[in-house]
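Colleague: The following block contains a protein sequence and its predicted model.
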Amino acid sequence: MKTILHKADTRGDANHGWLHSRHTFSFANYFDPERMNFGALRVLNDDNVDAGMGFGTHRHDNMEIISIPLQGDLEHKDSMGNKTVIKNGDVQIMSAGTGISHSEYNANADKPVKFLQIWVVPNMRNVTPRYDQISLNLEDRHNKLQQILSPNPEDAGVWIHQNAWFHLGKFDKGFQTEYTVKEKGNGVYAFILSGEFSINDQKMNARDGLGIIEFDNFKITADTEAEILLMEVPMT
């Protein structure tokens, strides 16, 4: 097994006043040739948007874009006619395919919204654009790994055009579990949402990331009450 550790304070830091974003991988004005991606995982942005503010209409194509709200309510509008609000416990997927325009705004006038914006490179180009969102039972991730994304429309969570699997877990202190790779040759990027974890012998704190490759399985131990996101993606 090989790993690469990205400490929280080494991420790109973009503070636009109304938006404070931390970039795990190169994005916009943050560029680090050593931090371009982790396999098919291209973007992991940790966004904090002020009350009533947001991203105006902009366009994407040929990317699988996943939004995971952590706090507050995020309003989404797109060129397919979707107008929705996502909140903590929801997962949103937008397969941009041949092209889609959308906007994202903090739906609240009195509190910030915090969410993860994640881009995964698809395994096919120029698909018909698609939008979906689901609401998950938060109890289903208590001391277990809750699958929130997969390549299979019939499986748990949302699905994308890539052999990728995402899981969320919220663990009590001392809880231990194991993750087994779904597809041989894939890697896993572990992102600590809160608290402290040990992955095998690697100690990790909130907002640290750890890329893991060339493995069959690894141990995850919550050193405090803590929450984790695991993103398994192809490495080629």
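Modeller: That came through fine.
Colleague: in which helix or strand would I find the nearest residue to L5 once chain neighbours are set aside?
Modeller: For L5, ignoring the flanking residues on the chain, the nearest one in space by Cβ to Cβ, 6 or more residues apart in numbering is L210 at 5.5 Å. C-beta here means a position set from N, CA and C on the backbone, and glycine is covered the same way. Per DSSP states H and E: L210 is located in strand 209-213.
Colleague: How far does that strand sit from its chain's centre?
Modeller: Mean-position distance between strand 209-213 and its chain equals 14 Å (Cα atoms, centre = their mean, to the nearest Å).
Colleague: for stretch 159-166, same thing?
Modeller: That offset, for stretch 159-166, works out to 12 Å (Cα atoms, centre = their mean).
Colleague: Check stretch 73-87 too.
Modeller: Using Cα atoms, centre = their mean, the offset of stretch 73-87 from its chain centre is 18 Å.
Colleague: how about the CA coordinates for it, as PDB?
Modeller: Extracted in PDB, the C-alpha atoms of stretch 73-87 (Å, rounded to 0.1, in the frame of the first residue of the first chain):
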ATOM      1  CA  ASP A  73     -29.200  25.300   2.300                       C
ATOM      2  CA  LEU A  74     -27.900  25.500  -1.200                       C
ATOM      3  CA  GLU A  75     -30.200  26.600  -4.100                       C
ATOM      4  CA  HIS A  76     -29.500  25.100  -7.500                       C
ATOM      5  CA  LYS A  77     -30.900  26.200 -10.900                       C
ATOM      6  CA  ASP A  78     -29.900  24.800 -14.300                       C
ATOM      7  CA  SER A  79     -30.500  25.000 -18.000                       C
ATOM      8  CA  MET A  80     -32.500  21.700 -17.900                       C
ATOM      9  CA  GLY A  81     -35.200  23.500 -15.800                       C
ATOM     10  CA  ASN A  82     -34.200  22.100 -12.400                       C
ATOM     11  CA  LYS A  83     -34.700  24.400  -9.400                       C
ATOM     12  CA  THR A  84     -34.000  22.700  -6.100                       C
ATOM     13  CA  VAL A  85     -32.500  23.300  -2.600                       C
ATOM     14  CA  ILE A  86     -30.100  20.800  -1.100                       C
ATOM     15  CA  LYS A  87     -29.200  20.600   2.500                       C
END
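Colleague: what about that stretch, average pLDDT?
Modeller: Average pLDDT, stretch 73-87: 96.
Colleague: Just checking: what are the partner strands of whatever helix or strand E178 lives in?
Modeller: Using DSSP H and E, E178 sits in strand 176-180. Strand 176-180 pairs in its sheet with strand 217-222 (antiparallel), by DSSP bridges.
Colleague: Check which residues of the partner strand are buried.
Modeller: Within strand 217-222, the residues scored as buried using 16 or more other Cβ atoms under 10 Å are F218, I220, T221, A222.
Colleague: With stretch 195-204 instead?
Modeller: Buried residues in stretch 195-204 (16+ other Cβ under 10 Å): G195, E196, F197, I199, M204.
Colleague: Please name the residues that touch W159.
Modeller: I93, D132, L149, S150, P151, N152, P153 (Cβ atoms under 8 Å, 6 or more residues apart in numbering).
Colleague: Nearest spatial neighbour of it, chain-adjacent residues omitted?
Modeller: P153 (4.7 Å).
Colleague: just R125 next, same as before
Modeller: N62 is the one closest to R125 (Cβ to Cβ, 6+ apart), at 5.1 Å.
Colleague: For the one you found, which residues are in contact?
Modeller: A96, G97, T98, P122, R125, N126.
Colleague: give me that answer again for 10 Å
Modeller: Shown in contact with N62 (Cβ atoms under 10 Å, 6 or more residues apart in numbering): S95, A96, G97, T98, G99, V121, P122, M124, R125, N126, V127, H161.
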